[in-house]
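Student: Take this sequence and fold it.
(one chain, ligands or ions: 1)
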Amino acid sequence: MIDRARLAGLVAAERRLFDERNPRSRSAYAAADHLFGRVPMTWMNKTTPLYLAAARGAHVTDLDGHDLVDLCLGDTGAMAGHSPAPVVDAVARRLGELGGATAMMPTEDAAWVGAELARRFGVPYWSFSLTATDANRWAIRLVRALTGRSKILFHSYCYHGSVDESLIVLDAAGRPASREGNVGAPTDVLATSRVVEINDLDGLARELAHGDVAAVLIEPALTNIGIVLPEPGYLAGVRELTAATGTLLIHDETHTFSAGPGGVTGRDGLRPDVVTIGKAIAGGIPCGAYGLSAELADRALGRADLDLVDMGGVGGTLAGNPLSMAAARATLGEVLTDDAFARMIALTDRLTAALRATVAGAGLPWSVVQLGARVEVRFTAPAPRTGTASHLAADAELDDFLHLFAANRGVLLTPFHNMALTCPATTSSDVDAYADVFAAAVAALTG
Ligand code: PMP
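Tutor: Coordinates of the predicted model:
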């Protein structure tokens, strides 16, 4: 369907244009002699990085002075938009006027944030971290301690941050295996984890029957291998099977937060035992959180043998710091509000319809999958229903082409796939800009 020679030529042309357009970003990159891999974090080498000069709302300005519509939004870390005024004010007040970015003392903001997260996600008792990864790590420790079981079960091709247990997939023969490229695994992942495909309740029942799974830790939709939505009844089935086998259920809402003010959990009225989240909840200031059911919180606090205070392995010095808490209160209270989600999702509906019209008009065997304020194009149709199918539908060259083509025309997509996310400041002209760029890219591709 895709003419690969034509695609290779287009990628080369877009790369030349990218290099011509971005001399300052390129020389900044070339000058970063003392950064490991020339970047502040090695994943930034996914593409030649555009350097950030400034950002406001749904736009970023790069070092060469281009204004870009930002649909990457720090891959969800900036889902509140860049530097929204209430967060700027709250952070300035905490850091400047009041003082005390970090103090080993609680602030009243934290209690407000806990109550708001409880309202949105249904689980009543919250604790904080600085990242979603740590929220997941600490939740995993707690569920292991409380169940006395050793294993955590994941969806194949999930992503929950750099959590050792989660780096497991089903291989080509459908057997559990360490995820390719896993750096310095502390132990064989098969000793700590089990894995099933999303949307496979039979597989889940079979794996839980071993009786050694402390918790199922899932995103309610996969978002890190393209978006793979749960089929009707799947999440209810997961809840039934986990409850029936004494297995706890953790929803990681870090990305699926795009589905609404309480993520998929809140939108669909689901009842996990634990919810974890990070990235967007403090408007770009580092903050993660995990929420526990009343039953679980009681059990944990009632266990004198668990050291929740000092050396137990759940906690961090800067976790729950006053600056993160002030930023989270402003973000949840004034920026990522219920009304803001309604507007973001309506705009994303409009974008999804436009992308679908382009795909259908070109007769491409692609699919467009939306999860609230997030939408992504997959290079296969119908949309993949498992992580493995979505992994197999990846096309790095097509992704490169779409990213370069969009960046060269003022639209930034998330680097690891072609995900587009909206924030409260995104406008219809912003989403239309991407819809037009996507249509032009498809036209170039199909002639
Ligand atoms: N959970 C999910 C669902 C994620 O997508 C990610 C990051 N992409 C994480 C956790 C980890 O977030 P962080 O890297 O901020 O710790």
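Student: what does the stretch 51-200 of the chain have sitting close to the ligand?
Tutor: Contact residues (C-beta under 6 Å from any ligand atom) of the stretch 51-200 of the chain with the ligand: 131-133, 159-161. In short, each C-beta sits where N, CA and C put it, glycine included.
Student: what do you get if the cut-off is 5 Å, keeping everything else the same?
Tutor: Contacts of the stretch 51-200 of the chain with the ligand, taken as C-beta under 5 Å from any ligand atom, map to 131-133, 160-161.
Student: Nearest residue to the middle of this structure?
Tutor: H255 (3.4 Å; C-alpha atoms, centre = their mean).
Student: Read off the pLDDT value for that residue.
Tutor: If you check H255, the pLDDT there is 98.
Student: wait, isn't it in contact with E219?
Tutor: Yes. Counting by C-beta atoms under 8 Å, E219 is a contact partner of H255 at 6.4 Å.
Student: Which of the helices or strands spans L68?
Tutor: strand 67-70 (DSSP states H and E).
Student: what's next to that strand, contact-wise?
Tutor: 50, 55, 58-62, 78, 82, 407, 410-412, 426, 430, 433-434 (C-beta atoms under 8 Å, 6 or more residues apart in numbering).
Student: ok, 6 Å please
Tutor: 58-61, 410-412, 430, 433 (C-beta atoms under 6 Å, 6 or more residues apart in numbering).
Student: can you check stretch 296-316 too?
Tutor: 125, 138, 141-142, 145-146, 273.
Student: what about it, distance to the chain center?
Tutor: Mean-position distance between stretch 296-316 and its chain equals 28 Å (C-alpha atoms, centre = their mean, to the nearest Å).
Student: could you give the mean pLDDT of it?
Tutor: For stretch 296-316, the per-residue pLDDT averages 94.
Student: is the ligand contacted by that stretch?
Tutor: No. Applying C-beta under 5 Å from any ligand atom, one finds stretch 296-316 separated from the ligand by no less than 12.1 Å.
Student: Same question for that stretch: list its buried residues.
Tutor: 296-297, 299-300, 306, 314-315 (16 or more other C-beta atoms under 10 Å).
Student: List just the nearest of the residues you listed to L7.
Tutor: Using C-beta to C-beta, V314 is the member of these that lies nearest L7, at 48.4 Å.
Student: Show residues contacting stretch 261-270.
Tutor: 120-121, 220, 235, 251, 253, 256-257, 259-260, 275, 338, 341.
Student: just the buried members of those?
Tutor: Using 16+ other C-beta under 10 Å, the buried ones in the contacts of stretch 261-270 are 120-121, 220, 235, 251, 253, 256-257, 259-260, 275, 341.
Student: Quick one: mark the members of those that sit in strands.
Tutor: 251, 275 (DSSP state E).
Student: Against the ligand, how distant is the closest residue to L146 other than its chain neighbours?
Tutor: Leaving aside its sequence neighbours, L146 sits nearest to R299 (C-beta to C-beta, 6 or more residues apart in numbering; 5.4 Å). R299 is 25 Å from the ligand, where distance means C-beta to the nearest ligand atom, to the nearest Å.
Student: can you check A90 too?
Tutor: Taking C-beta to the nearest ligand atom, one finds A90 at 21 Å from the ligand.
Student: returning to what we had before: which helix or strand contains the residue nearest to L146?
Tutor: Using DSSP H and E, R299 falls in helix 294-301.
Student: Most neighbours among the contacts of stretch 296-316, which one?
Tutor: Neighbours here mean other C-beta atoms under 10 Å. Within the contacts of stretch 296-316, the largest count is held by L142, at 29 neighbours.
Student: quick one, what contacts that one?
Tutor: A300.
Student: Assign it to one of the three secondary structure states.
Tutor: Secondary structure assignment for L142 (DSSP: H, G, I helix; E, B strand; the rest coil): helix.
Student: what about it, distance to the ligand?
Tutor: 17 Å.
Student: May I ask which two of the contacts of strand 67-70 are separated the most?
Tutor: Farthest pair in the contacts of strand 67-70, by C-beta to C-beta: T61 and A433, 15.3 Å.
Student: Just the helices from the stretch 101-250 of the chain, written as ranges.
Tutor: Taking DSSP state H, counting those that start in this stretch to define them, one finds helices in the stretch 101-250 of the chain at 108-121, 132-147, 189-192, 201-208, 234-244.
Student: Export those helices as JSON lines, with columns for distance to T352.
Tutor: Below are the helices of the stretch 101-250 of the chain laid out as JSON lines (distance: least, C-beta to C-beta, whole Å):
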{"stretch": "helix 108-121", "distance to T352": "24"}
{"stretch": "helix 132-147", "distance to T352": "25"}
{"stretch": "helix 189-192", "distance to T352": "36"}
{"stretch": "helix 201-208", "distance to T352": "28"}
{"stretch": "helix 234-244", "distance to T352": "21"}
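Student: Confirm for me that Y125 is in contact with L292.
Tutor: Yes. Between Y125 and L292 there is a contact under C-beta atoms under 6 Å: 4.8 Å.
Student: what's the overlap in contacts for these two?
Tutor: Joint contacts of Y125 and L292 (C-beta under 6 Å, 6+ apart) do not exist.
Student: In which helix or strand does R56 reside?
Tutor: Going by DSSP H and E, R56 is part of strand 52-56.
Student: Note down every partner strand of that strand and its orientation.
Tutor: Its sheet considered, strand 52-56 pairs with strand 59-62 (antiparallel) by DSSP bridges.
Student: Give me the mean pLDDT for the strand it pairs with.
Tutor: In the prediction, strand 59-62 has an average pLDDT of 98.
Student: Show me how far it is from its chain's centre.
Tutor: Worked out by C-alpha atoms, centre = their mean, strand 59-62 lies 21 Å from the chain centre.
Student: cool, and stretch 34-43?
Tutor: For stretch 34-43, the distance to the chain centre is 22 Å (C-alpha atoms, centre = their mean).
Student: still on that earlier bit, let's have the residues of the stretch 51-200 of the chain next to the ligand in CSV, adding distance to S367 and pLDDT.
Tutor: Shown next, in CSV, are those (distance: C-beta to C-beta, whole Å; pLDDT from 0 to 100):
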residue, distance to S367, pLDDT
T131, 31, 98
A132, 27, 98
T133, 30, 98
H160, 25, 98
G161, 27, 97
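Student: and the residue of the chain most remote from its centre, what element?
Tutor: Farthest-out residue of the chain from its mean C-alpha position, per C-alpha atoms, centre = their mean: A304, at 35.1 Å. Using DSSP H and E, A304 maps to neither a helix nor a strand.
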